[in-house]
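[1] A predicted structure for the sequence below; I have some questions about it.
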Amino acid sequence: MGQGSATGGAYTARKEGEMSPLPAAYLKPKTLVVKDSFANPVVGDLDAYVTAVAGPNATTATYVSTKSGDAGTDFDGVVPTGVPDFTRNVVITVTHGSAVVALSGVITGTRHGKTVTEAWSVTAGTTSKTFTGLKAFDAVTKVTVVAATNAAADTVKIGTGNKFGLSRLASSSKVIAELEDGSAPTVGVIVAGSTTSTADRFGTYAPNSTPNGALDFDIWYLTDQPYFHLSGT
């Protein structure tokens, strides 16, 4: 026997076996509390991907993970696959005996199955310059190093930082709760997700304590798009 449903005061006939449409109120985004856990993350490793290499001479050098299949020089660090223990940001360190020659490039990787890129650069001058990425990568597949002039005297290292990528879109920077080895610590920092090109689309978390391979971190935060990771970029 046929069934029906009320929609906006009207009654719509349905065939046997059809499901009733959900009321519109149930289809609106809900603000939920999300818990992410990071069990024993190691400390950021400044040459996890690429150990000390010379800067290029007025050209572009390309470094690739051993899993990427892209053309370039393979990562030679302790994480040659480009896949860190947890989703993390990238840190690039450039040193020089007297004054760093300016470098730039692009970091390419993935997050929730989508391609993510982040432009990086260091300016000239002083003996050491560091770029600390704002985006977190599930995997880093390629990093380019571009020199407008001869930067062969530069030494470049590419590795991981201590900012972790969140599993859902963080709608605000508010920390609902946080635990470090089961106890309340000095609160870490959440950076909310953003569509700004230089920001992480989902958001990042940096604990107050430096990860050391022994500490466990649990963080609770807000999201109003709990399923965004399934289709977001």
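    Arrived safely. Numbering: from 1, shown residues only.
[2] which ones are touching Asp154?
    Ala54, Gly55, Val94, Thr95, His96, Val100, Val101, Leu103, Ala147 (CB atoms under 8 Å, 6 or more residues apart in numbering). The way it works is simple: take the backbone N, C-alpha and C, and place the C-beta from them, glycine included.
[3] now for those, which pair is the farthest apart?
    Largest separation among those by CB to CB: Thr95 and Ala147, giving 14.6 Å.
[4] who has more neighbours out of the two?
    Neighbours were tallied for Thr95 and for Ala147 using other CB atoms under 10 Å; the higher tally belongs to Ala147 (21 against 17).
[5] surely the more buried one meets Val100?
    No - counting by CB atoms under 8 Å, Ala147 sits too far from Val100 to count as a contact (10.9 Å).
[6] name the SS class of the most centrally placed residue in the chain, please.
    The residue lying closest to the centre of the chain (CA atoms, centre = their mean) is Ala136, at 1.3 Å. Classification of Ala136 using DSSP: H, G, I helix; E, B strand; the rest coil returns strand.
[7] and it, what does it touch?
    Thr87, Arg88, Asn89, Arg111, Lys163, Phe164, Gly165, Leu166, Asp200, Phe202, Thr204.
[8] where does Thr87 fall, phi/psi-wise?
    phi -60, psi 120 (degrees, to the nearest 10).
[9] err, Asp218, not the other one
    According to degrees, to the nearest 10, Asp218 has phi -120, psi 130.
[10] neighbours around it, how many?
    By other CB under 10 Å, neighbour count at Asp218 equals 15.
[11] how is the chain carved up into domains?
    32-41+166-230, 50-161 (automatic domain parsing).
[12] make a markdown table out of the contacts of Asp154 and add distance to Val122.
    Formatted as a markdown table, these follow (distance: CB to CB, whole Å):
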| residue | distance to Val122 |
| --- | --- |
| Ala54 | 15 |
| Gly55 | 10 |
| Val94 | 5 |
| Thr95 | 10 |
| His96 | 10 |
| Val100 | 6 |
| Val101 | 9 |
| Leu103 | 6 |
| Ala147 | 11 |
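[13] just checking, which of those residues belong to strands?
    If you go by DSSP state E, these have Ala54, Val94, Thr95, Leu103 in strands.
[14] just the buried ones from these?
    Val94, Thr95, Leu103 (16 or more other CB atoms under 10 Å).
[15] quick check: bridge partners of the last one?
    Taking DSSP bridges as the rule, Leu103 bridges to Val122.
[16] next up, the contacts around it.
    Applying CB under 8 Å, 6+ apart, the residues contacting Leu103 are Gly55, Val94, Ser121, Val122, Val145, Val146, Ala147, Ala151, Asp154, Val156.
[17] quick one: which of these is nearest to Ser173?
    Closest to Ser173, out of all of the contacts of Leu103 and judged by CB to CB, is Ser121, at 25.8 Å.
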